[in-house]
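In: using only what follows, build the 3D model:
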Amino acid sequence: MADEEPKPLAYIPETILKKRRSNEEWAIRRKQQLEQKIKRIKGDNFVIKKPEQFIKEHRDRELDLIQMKHRGKRQLRSLVTPESKLLFIIRIRGKNDMHPKTRKLLYSLRLRRIFNGVFVKANERVIEILQKVEPFVTYGYPNLKNVKDLIYKKGVVKIDRQRVPLTDNNIIEQALGKHGIICIEGIINEIANVGPHFKDISSCLCPFMLNKPEKALQGKKRVFKDGGDTGNREDRINELMGKMN
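Out: You can find the predicted model right below:
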């Protein structure tokens with residue numbers, strides 16, 4: 001019996017072969033990305049939480065909400081004085097025992113991360129928020145030296161969704177020229193004196209990313225005047241700013 005001739009291979013268009021190869025390469029990349037992600041998650045800080053831990057965190061968040069409501073009912077302390085219209089606020093605690101409503105208030109101050117700091121104009125609304133989020137922040141009246149040092153060292157503006165350090169007056173003019181601010185000294189003067197364009201400039205400045213201070217914060221939830229870390233430090237905020245700059 002004569003050997004049968006082999007059947008010709010089915011023709012596969014080149015476009016289909018390219019698509020298969022592309023899909024295979026994508027699948028390999030995706031697998032590598034997932035493996036790297038799992039490796040990061042299971043790093044040294046990876047901890048499997050026990051059920052009682054979830055329960056504790058839930059209770060802590062609910063307690064935070066109750067305490068926040070109590071703080072909100074207290075009579076507002078008078079912080080707005082002719083001598084100190086400017087406040088500098090630093091977020092000093094994370095979110096483990098934070099209720100979502102507290103987080104929302106912190107986000108309204110643009111304090112999304114621990115050790116972020118922002119300049120704000122002292123008014124009744126700001127003070128009301130600070131009273132509610134007191135266990136998570138500390139604040140006070142910054143002096144001219146610290147305002148200047150902070151803006152020079154850590155000043156960053158957002159241009160076209162990009163963070164750009166204040167290293168060139170051309171950058172400042174591009175970001176704030178429409179408000180008559182064309183140099184870094186103009187920013188410093190406007191912030192320090194809470195000038196007419198304070199809101200425009202402070203919202204253009206990204207929150208300051210401060211350094212973790214050594215031994216300056218002990219993690220105490222009590223207010224500063226009672227030996228803790230949180231709340232109003234008045235002029236003593238300058239000592240902390242110097243250690244975190």
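In: okay, now the unreliable bits of the chain?
Out: For the chain, the stretches with pLDDT under 70 are 1-12, 40-83.
In: in it, where's the longest helix?
Out: Using DSSP state H, we find that the single longest helix of the chain is helix 14-41.
In: what ranges do the helices span in the protein?
Out: Under DSSP H, the chain gives helices at 14-41, 51-73, 100-108, 124-132, 144-154, 169-176, 184-192, 198-204, 237-244.
In: what angle do helix 237-244 and the fifth one make with each other?
Out: Direction vectors for helix 144-154 and helix 237-244, defined by axes from the mean of the first three to the mean of the last three CA atoms, to 10 degrees, enclose an angle of 30 degrees.
In: against which helices or strands is helix 144-154 packed?
Out: Contact partners of helix 144-154 among helices and strands, from 3 or more CB pairs under 8 Å, 6 or more residues apart in numbering; DSSP states H and E: helix 184-192, strand 208-209, helix 237-244. Glycine gets a C-beta too; all of them are placed from N, C-alpha and C.
In: what about the residue nearest to residue 88 when sequence neighbours are not counted, neighbour count?
Out: Nearest residue to residue 88, sequence neighbours excluded (CB to CB, 6 or more residues apart in numbering): residue 142, at 4.3 Å. The local packing of residue 142 (other CB atoms under 10 Å) involves 23 other residues.
In: correct me, but residue 142 touches residue 238?
Out: Yes - counting by CB atoms under 8 Å, residue 142 touches residue 238, with 6.2 Å between them.
In: common neighbours of those two, please.
Out: Shared contacts of residue 142 and residue 238, defined by CB atoms under 8 Å, 6 or more residues apart in numbering, are absent.
In: still on that earlier bit, how about the helices of the chain in TSV, adding mean neighbour count and distance to residue 213?
Out: Putting the helices of the chain into TSV (neighbours: other CB atoms under 10 Å; distance: least, CB to CB, whole Å) gives the following:
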stretch	mean neighbour count	distance to residue 213
helix 14-41	10	27
helix 51-73	13	24
helix 100-108	15	19
helix 124-132	17	20
helix 144-154	17	14
helix 169-176	17	29
helix 184-192	20	22
helix 198-204	17	23
helix 237-244	19	4
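In: could I get the ones you listed as TSV with distance to residue 217?
Out: Formatted as TSV, the helices of the chain follow (distance: least, CB to CB, whole Å):
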stretch	distance to residue 217
helix 14-41	27
helix 51-73	19
helix 100-108	17
helix 124-132	17
helix 144-154	17
helix 169-176	32
helix 184-192	24
helix 198-204	24
helix 237-244	8
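In: for the ones you listed, which one sits closest to residue 87?
Out: Distance to residue 87, taken as CB to CB, is lowest for helix 124-132 among the helices of the chain, at 6.9 Å.
In: show me which residues of stretch 105-120 are buried.
Out: 105-106, 109-111, 115-120 (16 or more other CB atoms under 10 Å).
In: put the alpha carbons of that stretch into CSV.
Out: Extracted in CSV, the C-alpha atoms of stretch 105-120 (Å, rounded to 0.1, in the frame of the first residue of the first chain):
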residue,chain,number,x,y,z
LEU,A,105,-13.0,66.0,56.9
LEU,A,106,-9.2,65.5,56.7
TYR,A,107,-9.4,65.2,53.0
SER,A,108,-11.3,68.5,52.9
LEU,A,109,-8.2,70.0,54.4
ARG,A,110,-6.1,68.2,51.8
LEU,A,111,-4.5,66.1,54.5
ARG,A,112,-4.6,62.7,52.7
ARG,A,113,-1.4,61.3,54.2
ILE,A,114,0.4,61.2,57.5
PHE,A,115,2.9,64.0,57.9
ASN,A,116,1.3,66.1,55.2
GLY,A,117,1.1,69.8,56.2
VAL,A,118,-0.9,72.7,54.8
PHE,A,119,-1.3,76.4,55.4
VAL,A,120,-4.8,77.6,56.0
